[in-house]
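> what shape does this take:
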Amino acid sequence: MNMERQNARIDDFETRSEHLHSRSDEELKTLFWELTGKVVSPMIELAKTHTTPSIERSVLLRMGFSDGEAKAIVDLTIEHRLMGKGAGHCVYVLSQADQTDIRTAGLKLGQGRGWDTVQQRFGRNGR
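Modelled structure (predicted):
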């Protein structure tokens with residue numbers, strides 16, 4: 001059997017889209033964004049509660065840290081069980097506590113110093 005014929009899909013677009021024909025462009029646009037919101041909503045909710053080392057390194061890179069500096073900060077964020085707070089947030093919290101700039105606070109964390117202060121600010125268990 002011909003591969004194209006085997007994978008052919010019945011074209012029923014006209015039938016499936018009949019309910020859209022009577023809508024204006026503005027109504028279609030509104031429907032599009034409503035449906036798009038329903039599709040991405042679970043991803044947005046997941047992103048609020050989940051992160052990855054890669055995402056955290058990316059945040060730190062945008063804060064001005066080098067790859068190596070970002071990796072050290074993220075590794076120590078994981079070690080201190082503060083990943084749920086975010087590595088960049090840990091840097092920010094230390095900068096506020098020490099009344100110093102972001103870079104100085106991040107380098108300090110990357111060297112293993114200041115984590116007790118960050119943990120105190122979040123509470124001992126990171127919450």
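> what is the mean pLDDT for stretch 7-20?
Averaging pLDDT along stretch 7-20 yields 85.
> now do stretch 93-108
Stretch 93-108 comes out at a mean pLDDT of 97.
> how about it as PDB, C-alpha atoms only?
What follows is stretch 93-108, C-alpha atoms only, in PDB (Å, rounded to 0.1, in the frame of the first residue of the first chain):
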ATOM      1  CA  VAL A  93      17.500  38.400  49.800                       C
ATOM      2  CA  LEU A  94      21.100  38.400  50.800                       C
ATOM      3  CA  SER A  95      21.800  41.700  49.000                       C
ATOM      4  CA  GLN A  96      18.900  43.300  51.000                       C
ATOM      5  CA  ALA A  97      20.100  41.700  54.300                       C
ATOM      6  CA  ASP A  98      23.700  42.800  53.800                       C
ATOM      7  CA  GLN A  99      22.700  46.100  52.200                       C
ATOM      8  CA  THR A 100      25.000  45.400  49.300                       C
ATOM      9  CA  ASP A 101      24.700  45.100  45.500                       C
ATOM     10  CA  ILE A 102      23.400  42.000  43.700                       C
ATOM     11  CA  ARG A 103      26.800  41.000  42.300                       C
ATOM     12  CA  THR A 104      28.600  41.100  45.700                       C
ATOM     13  CA  ALA A 105      25.800  39.100  47.300                       C
ATOM     14  CA  GLY A 106      25.800  36.500  44.500                       C
ATOM     15  CA  LEU A 107      29.500  36.000  44.600                       C
ATOM     16  CA  LYS A 108      29.400  35.600  48.400                       C
END
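> work out the gap between that stretch and the centre of the chain.
23 Å (C-alpha atoms, centre = their mean, to the nearest Å).
> where does the residue positioned nearest the centre of the chain land in three-state SS?
Taking C-alpha atoms, centre = their mean, the centroid of the chain lies closest to residue 47, which sits 4.9 Å from it. Classification of residue 47 using DSSP: H, G, I helix; E, B strand; the rest coil returns helix.
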